[in-house]
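Peer 1: Give me a model of this one.
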Amino acid sequence: MKAQLPRPEHYSYKLYRKQRVSQILLPVILASLLLVGMIVLISLATFRDATDPTRWAAISAIWITIPIMIGGLIFLALFIGLIYLLGRLMGILPRYTCLAQGYVYRVRSYVIRAADLIVKPVFGVAGFLERIKAFFGRT
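Peer 2: As a prediction, this is how the structure comes out:
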């Protein structure tokens, strides 16, 4: 005997069941019917007269360009959104970039000072050795 798990009966599950039909199944079914209807209309328009290769070529070109145009519209909307956001960002950006630039210059000075302190003993020893060579080389 198999044990049956109780089905959830809370509000969100009931709402999900209602929305599944209206937001998932209905659009898929309508899109499928629309696609089948378009195929039937194209077939009737094409095969009603004698088969015409130019008509098939035009129909094929339309079906190829429609997804490309939809994709282009999506990218266009994305680019318009990015341009708008960059325009809004340019209004507040100069103040914060000035602060960031000040911090970078401060860090730069610390790095230069640290590098000079690290190299100073090496240059001191090298200079001392050069002076010794110059002293003994003159003789």
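Peer 1: Secondary structure class of the residue nearest the centre of the chain, three-state.
Peer 2: For the chain, the residue nearest the mean C-alpha position is Leu78 (9.4 Å; Cα atoms, centre = their mean). Put simply, Leu78 is helix when judged by DSSP: H, G, I helix; E, B strand; the rest coil.
Peer 1: let's number from 885 now, not from 1
Peer 2: Got it, first residue is 885 now, which makes that one Leu962.
Peer 1: confidence score at it?
Peer 2: Leu962 carries a pLDDT score of 97 in this model.
Peer 1: how near is it to Leu969?
Peer 2: According to Cβ to Cβ, to the nearest Å, Leu962 stands 11 Å off from Leu969. C-beta coordinates here come from the backbone N, C-alpha and C atoms, glycine included.
Peer 1: and if you look at Ala961?
Peer 2: Plainly put, Ala961 is 13 Å away from Leu969 if you go by Cβ to Cβ.
Peer 1: by contact count, what packs against whichever strand or helix holds Asp1000?
Peer 2: Here Asp1000, judged by DSSP states H and E, is contained in helix 937-1022. With contacts defined as 3 or more Cβ pairs under 8 Å, 6 or more residues apart in numbering; DSSP states H and E, helix 937-1022 has these neighbours: helix 910-931.
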